[in-house]
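Visitor: this is a predicted model, with the sequence first.
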Amino acid sequence: MLVDIASCPRPQGPNEDFALSDSTAAVVLDGAGMAPGMKSGCRHGVAWYVKQLGTRLHGEATRGDAPLTVCLARAIESTASLHWDTCVIDDPLSPSATVAMARVRGGVFEWLVLGDCTILVGSDGVVTATTDDRLAQVAPHARAALAREAPGSPERQRAHEDLVQEERSQRNIRGGYWVAAADSTAASQALTGSESTSQVQSAALLTDGAGRLVTTFRSTDWQGYMTLLRHGGPEAVLRQVREAEVSDPHLSRWPRSKQHDDATIAYIRP
């Protein structure tokens, strides 16, 4: 398969997204950041974690025929083993990531989503979007409290910290939401699917920052998003995301937790 990747970090911050691909598989990860000033029990940080996990996940997907959920479980385990003796990897604030991946094997296009990444699959002129939205269902009161505070204010900073704490208390537990962290059993909670490569014209793996054109700014739908990718490629789409973010510096037109987010797209032609 042919894969075109673009990744744009938020201004003045490290890129906590990660993407890697070859002719067989593509992976996109979105590291879970925290409010400024918050610390986890891991000395390495989120960017390190997503790079380690993403590299291992891609390797697992390309080396054999194991199901994608098994590939993810193995990658989580091997990444955890890298720092279990130096970091508190089971702390709720320890690094974690959402995941989207795709693989072509034996004439079959396979995909997996864990967390709020999105996969788009174009087949017979119709685009189907799959997103794991369980994170958006937790901590509604803390989310509403954050939205009420003015951007840049001390009150918003505290509200952001409260939201992160509340969300992380429900990470990888029944009734909460599931992401890649230190517990490999989370992989079994991923959304998965497959179809014949002959039926797939195009696909895309997106972090939630890249999906803002649809989910936050409402400037198009997923069908239109795929059309933008087909005509302009991932870099052009990410420029539109940044332009919309810059046009609303006070988060008033499009309420959201932060002005900018890391944004990554892997555009796939099987």
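Guide: Sure thing, it's come through.
Visitor: and the helix or strand where residue 240 lies, what does it pack against?
Guide: Taking DSSP states H and E as the definition, one finds residue 240 inside helix 222-246. Using 3 or more CB pairs under 8 Å, 6 or more residues apart in numbering; DSSP states H and E as the contact criterion, the elements in contact with helix 222-246 are strand 2-8, strand 118-123, strand 126-131, strand 202-206, helix 212-215, strand 263-269. C-betas here are computed from N, CA, C, even on glycine.
Visitor: what's the closest of the ones you listed to residue 23?
Guide: Ranking the helices and strands packed on helix 222-246 by their distance to residue 23 (criterion: CB to CB) puts strand 2-8 first, at 7.8 Å.
Visitor: avg pLDDT for the next helix-or-strand element following the closest one?
Guide: In the C-terminal direction, the helix or strand that comes right after strand 2-8 (DSSP H and E) is strand 17-21. The predicted model assigns strand 17-21 a mean pLDDT of 98.
Visitor: how about stretch 84-100: buried residues?
Guide: Within stretch 84-100, the residues scored as buried using 16 or more other CB atoms under 10 Å are 87, 89, 92-100.
Visitor: and what of stretch 122-136?
Guide: By 16+ other CB under 10 Å, the buried positions in stretch 122-136 come out as 122-123, 127, 129-132, 134-135.
Visitor: in TSV: those, plus pLDDT and distance to residue 69.
Guide: Supplementary listing: the buried residues of stretch 122-136 in TSV, determined by pLDDT from 0 to 100; distance: CB to CB, whole Å:
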residue	pLDDT	distance to residue 69
122	97	24
123	94	22
127	97	24
129	98	20
130	97	15
131	94	17
132	91	13
134	89	16
135	87	19
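Visitor: rebuild these as a markdown table, extending it with distance to residue 211.
Guide: As requested, those are arranged in a markdown table below (distance: CB to CB, whole Å):
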| residue | distance to residue 211 |
| --- | --- |
| 122 | 16 |
| 123 | 19 |
| 127 | 13 |
| 129 | 9 |
| 130 | 12 |
| 131 | 8 |
| 132 | 12 |
| 134 | 16 |
| 135 | 13 |
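Visitor: which two among the residues you listed are spaced furthest apart?
Guide: The largest distance within the buried residues of stretch 122-136, taken as CB to CB, falls between 123 and 135 and amounts to 27.1 Å.
Visitor: give me the number of residues near residue 11?
Guide: The burial count assigned to residue 11 is 10, neighbours taken as other CB atoms under 10 Å.
Visitor: phi, psi of the nearest residue to it once chain neighbours are set aside?
Guide: With CB to CB, 6 or more residues apart in numbering as the criterion, residue 11 has its nearest non-adjacent residue at 5.7 Å, and that residue is residue 260. Dihedral angles of residue 260 (phi, psi; degrees, to the nearest 10) stand at phi -120, psi 150.
Visitor: residues contacting residue 260?
Guide: Taking CB atoms under 8 Å, 6 or more residues apart in numbering as the contact definition, residue 260 lies against 10-11, 209, 242, 245.
Visitor: try it again at 10 Å.
Guide: With contact set as CB atoms under 10 Å, 6 or more residues apart in numbering, residue 260 has these partners: 8-13, 209, 212, 241-242, 245-246, 249.
Visitor: thanks a lot, catch you later.
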